[in-house]
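S.K.: Could you work out the structure for the sequence below:
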Amino acid sequence: MSKARGTKRTCVSSMPVLHAASLLADARTRQITDMTAGVLGDANRLASIAAQRSGTCVAQAQGWQFEQLEVVKFNLDALKKGSRLRAATTDSLGMTNHETADVVIREGRRKLKAFQLKSCIRPGATAHALADPKYGKVGLVGPAEQTAEVERLYRARIQTGTLKAGAYDSACKRLRSGVGASNVASGGTRYDEAVEACKPARARAMGAAFGREAMLSEAHQAGLEGGAIGAGLAGGASAVAGLIRLARGEAEPGEIVTQVAIDAAKGYTLSYASAALSKSATHAVRAGFTSVGGSGLGTAVSARFVKSNAHVALAAGIVQCGKSLVSYLKGDIDEEALLSEVSHTAMTGAAAFYYGALGQALVPIPVLGALVGSTVGYFVGNMLHQSGLIGLGETARVKVARERKERIEAMCLTAIPLMRAHRMELESLIEEHSAGRRRRLMSAFDALESASVDWDGDDFLASLAKVNKEFGASLPFASLDEFDSMMNDDSKVFVL
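M.R.: Numbers count the residues shown, from 1 in each chain. You can find the predicted model right below:
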């Protein structure tokens with residue numbers, strides 16, 4: 001039972017840290033989420049192009065896939081490097097059959113670079129196609145494995161003194177192995193890779209692979225951000241608690257430093273997992289609704305899902321429940337404690353989600369409203385769970401209170417008949433004692449009255465002695481002679 005209670009304290013303290021760290025990390029990496037969504041869209045476009053060009057000659061169809069593969073690879077590299085650059089084919093931008101460029105790279109709305117891409121089966125054909133003078137102001141890209149040979153051909157033709165030497169020289173200077181700008185590059189695409197992408201099944205597999213890589217990259221970056229925030233929050237809370245213990249003389253400085261390091265490490269690990277998982281939940285919702293109602297529905301639902309911070313509450317709850325399950329499997333807590341912790345996580349997570357959405361609506365400042373609302377929701381959920389009003393089962397506190405109440409009720413049910421019997425016996429004894437004393441007093445008073453009427457001093461004193469005896473006292477004399485002797489004795493002090 002002690003283990004369960006100890007784990008419970010950890011659960012209560014780590015859940016707010018998880019939620020706050022995930023919420024802040026999500027806000028700080030919102031741009032990365034948008035970039036990931038873009039990469040996923042580019043990756044899905046591979047399958048769309050393969051389906052649309054399924055009746056086209058492979059030699060031509062692979063050209064479109066070559067362009068799209070370069071775009072996906074460039075945007076994936078930009079995502080990994082946290083760059084705001086984004087590439088797109090002119091076809092996807094509505095500029096079909098653009099005369100000079102196949103791919104443009106932009107930063108926001110500003111166009112930085114443009115590239116013409118040609119993918120032919122032979123390097124000679126690729127070199128000839130790229131050397132067209134109308135492409136004189138854009139970068140040139142061919143299949144990655146042909147780049148070195150195309151460059152050699154250009155140099156060889158320049159040396160021969162051909163009339164197109166100027167065009168070849170210009171093309172050689174603008175030739176690249178893949179689209180790129182600043183420190184972001186696609187890395188190049190092979191001819192056979194573009195051909196493979198013309199097969200619908202292979203295009204879907206390639207798109208799925210790019211999508212997984214993009215989501216893993218985003219999750220890792222969000223996890224790093226959340227882990228850093230979680231470590232700071234957990235370490236700060238532990239440091240404050242440690243300083244209070246140090247001031248009270250309950251701990252040594254070395255012990256506090258060690259505990260702060262441990263708590264910060266735990267906060268980093270759990271917050272990393274929670275922040276990373278929250279990003280995955282966003283794309284899972286997008287993919288689910290896209291498959292049902294198309295990309296428009298998926299994007300709309302995903303946007304509302306992210307805005308409500310439901311993915312953060314869901315991820316934090318899953319991570320916390322996973323932590324409780326691991327503790328149960330390790331034998332640190334029993335089944336009852338596991339159920340209590342899962343119930344606590346479910347209650348606080350749901351309350352944090354609803355109050356977070358309400359807080360964001362009431363306080364339109366990004367993140368702040370959700371953070372305040374989630375904090376209030378957590379404590380409301382915690383109170384509901386601790387009170388036992390709502391939950392998956394009795395909490396440890398409620399169970400102890402119920403068992404104590406049952407023990408007290410059993411003791412009372414046993415004691416009440418005994419108390420009634422003892423009371424009746426006591427009342428009987430009191431009544432019997434009072435009746436006897438009343439009789440003795442009445443008899444003594446009657447005797448006093450008779451003695452006073454008869455002027456019998458000895459009987460009067462004897463009756464008076466009986467009255468004193470009933471009140472726990474006694475006369476200092478038993479007859480009139482003793483009374484006279486006492487009154488005449490100067491050595492005795494008489495107090496009236």
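
S.K.: Check the average confidence over the helix or strand where Glu432 lies, would you?
M.R.: Counting by DSSP states H and E, the element that carries Glu432 is helix 396-454. Helix 396-454 shows a mean pLDDT of 78.

S.K.: Give me the buried stretch members for the next helix or strand after it, please.
M.R.: Following helix 396-454 in sequence order, the next helix or strand is helix 457-470 (DSSP H and E). Residues of helix 457-470 classed as buried by neighbour count (16 or more other Cβ atoms under 10 Å): Phe460, Leu461, Ala462, Ser463, Leu464, Val467. (Each C-beta comes from the backbone N, C-alpha and C, glycine too.)

S.K.: could you measure the second one against Ala273, distance?
M.R.: It stands for Leu461. Here the criterion is Cβ to Cβ, to the nearest Å. By it, Leu461 lies 100 Å from Ala273.

S.K.: try Gly223
M.R.: Shown here: Gly223 relative to Ala273, a distance of 7 Å by Cβ to Cβ.

S.K.: swap in Ala251?
M.R.: Ala251 is 29 Å from Ala273, by Cβ to Cβ.

S.K.: quick one, which of these two is more surrounded?
M.R.: Ala273 (24 against 16; other Cβ atoms under 10 Å).

S.K.: For the closest residue to that one other than its chain neighbours, what is the enclosing helix or strand?
M.R.: Of all residues not flanking Ala273 in the chain, Val319 sits nearest, at 4.9 Å (Cβ to Cβ, 6 or more residues apart in numbering). Taking DSSP H and E as the criterion, Val319 maps to helix 310-329.

S.K.: Would you mind listing the buried residues in stretch 153-163?
M.R.: For stretch 153-163, the buried set under the neighbour-count rule, 16+ other Cβ under 10 Å, comprises Leu153, Tyr154, Arg157, Ile158.

S.K.: Stretch 42-62 now?
M.R.: For stretch 42-62, by 16+ other Cβ under 10 Å, it's Asp42, Ala43, Asn44, Arg45, Leu46, Ala47, Ile49, Ala50, Arg53, Ala61, Gln62.

S.K.: got it, and stretch 205-218?
M.R.: Those would be Met206, Gly207, Phe210, Gly211, Glu213, Ala214, Met215, Ser217, Glu218, for stretch 205-218 by 16+ other Cβ under 10 Å.

S.K.: Could you pull up the residues touching Glu193?
M.R.: Leu69 (Cβ atoms under 8 Å, 6 or more residues apart in numbering).

S.K.: How about the one 3 residues further on?
M.R.: When contacts are counted by Cβ under 8 Å, 6+ apart, Glu196 is found next to Arg202, Met206.

S.K.: circling back: my read: the residue nearest to Ala273 touches Tyr272, true?
M.R.: No - between Val319 and Tyr272 there is no contact under Cβ atoms under 8 Å: 9.4 Å.

S.K.: in the stretch 51-200 of the chain, which ranges drop under the pLDDT threshold?
M.R.: Scanning the stretch 51-200 of the chain with the threshold set as pLDDT under 70 gives 96-99.

S.K.: ok, now with 90
M.R.: The model of the stretch 51-200 of the chain has pLDDT under 90 over residues 52-60, 81-84, 90-101, 108-112, 132-137, 157-168, 182.

S.K.: for Ala27, phi and psi?
M.R.: The phi/psi pair for Ala27 (degrees, to the nearest 10) reads phi -70, psi -40.

S.K.: pLDDT value on it, please?
M.R.: Looking at Ala27, its pLDDT stands at 71.

S.K.: Could you export the buried residues of stretch 205-218 as a markdown table, including secondary structure, distance to Glu425 and pLDDT?
M.R.: Putting the buried residues of stretch 205-218 into a markdown table (DSSP: H, G, I helix; E, B strand; the rest coil; distance: Cβ to Cβ, whole Å; pLDDT from 0 to 100) gives the following:
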| residue | secondary structure | distance to Glu425 | pLDDT |
| --- | --- | --- | --- |
| Met206 | helix | 95 | 93 |
| Gly207 | helix | 92 | 92 |
| Phe210 | helix | 91 | 92 |
| Gly211 | helix | 87 | 89 |
| Glu213 | helix | 88 | 90 |
| Ala214 | helix | 87 | 89 |
| Met215 | helix | 82 | 87 |
| Ser217 | helix | 85 | 88 |
| Glu218 | helix | 82 | 84 |
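
S.K.: between the residues you listed, which is closest to Ala20?
M.R.: Of all the buried residues of stretch 205-218, Glu218 has the smallest distance to Ala20: 20.3 Å, by Cβ to Cβ.

S.K.: Give me the nearest residue to that closest one, chain neighbours excluded.
M.R.: Spatial nearest neighbour of Glu218, chain neighbours left out: Thr36 (4.3 Å); criterion: Cβ to Cβ, 6+ apart.

S.K.: The one you found and His220, how far apart?
M.R.: Thr36 sits 11 Å away from His220 when distances are taken as Cβ to Cβ.

S.K.: Name the residue in the two with the higher neighbour count.
M.R.: Neighbour count, other Cβ under 10 Å: between Thr36 and His220, Thr36 has more, with 27 against 15.

S.K.: Could you say which helix or strand holds the more buried one?
M.R.: Per DSSP H and E: Thr36 is located in helix 30-52.

S.K.: Domain parsing of this structure, as residue ranges.
M.R.: As recorded under automatic domain parsing, the domains making up the chain are 2-29+214-232+271-393, 54-197, 421-488.

S.K.: Name the residues of stretch 185-199 that are buried.
M.R.: Applying 16+ other Cβ under 10 Å to stretch 185-199 flags Ala185, Ser186, Gly188, Thr189, Tyr191, Glu193, Ala194, Val195, Glu196, Ala197, Cys198, Lys199 as buried.

S.K.: quick one: contacts for the fifth one?
M.R.: Think Tyr191. Residues in contact with Tyr191, defined by Cβ under 8 Å, 6+ apart, are Gln62, Phe66, Ser119, Cys120, Ile121, Pro143, Glu145, Gln146.

S.K.: switch the cut-off to 10 Å
M.R.: Counting by Cβ atoms under 10 Å, 6 or more residues apart in numbering, Tyr191 touches 62, 66, 119-123, 126, 142-146.

S.K.: From Gly63, how far off is it?
M.R.: Tyr191 is 10 Å from Gly63, by Cβ to Cβ.

S.K.: Overlap of the contact sets of the two?
M.R.: Taking Cβ under 10 Å, 6+ apart as the contact rule, Tyr191 and Gly63 both touch Ser119, Cys120.

S.K.: the helices in the stretch 201-350 of the chain, which residues?
M.R.: In the stretch 201-350 of the chain, the segments counted as helices under DSSP state H, counting those that start in this stretch are 253-293, 295-307, 310-329, 335-362.

S.K.: mean confidence score for the second one?
M.R.: Just to be clear, that refers to helix 295-307. Average pLDDT, helix 295-307: 48.

S.K.: if we take the buried residues of stretch 42-62, which one ends up nearest to Val179?
M.R.: Distance to Val179 across the buried residues of stretch 42-62 (Cβ to Cβ) is lowest for Asp42, with 12.7 Å.

S.K.: Would you confirm that the closest one contacts Ala88?
M.R.: Yes - Asp42 is within contact range of Ala88, at 8.0 Å (criterion: Cβ atoms under 10 Å).

S.K.: Between these two, which contacts overlap?
M.R.: Counting by Cβ under 10 Å, 6+ apart, the contacts common to Asp42 and Ala88 are Gln68, Val71, Phe74, Asn75.

S.K.: In this structure the second one contacts Arg86, no?
M.R.: The reference is to Val71. Yes - look at Val71 against Arg86 with Cβ under 10 Å: they come within range, at 9.0 Å.

S.K.: one step back: and the gap between the residue nearest to Ala273 and Cys172?
M.R.: Per Cβ to Cβ, Val319 is found 54 Å from Cys172.
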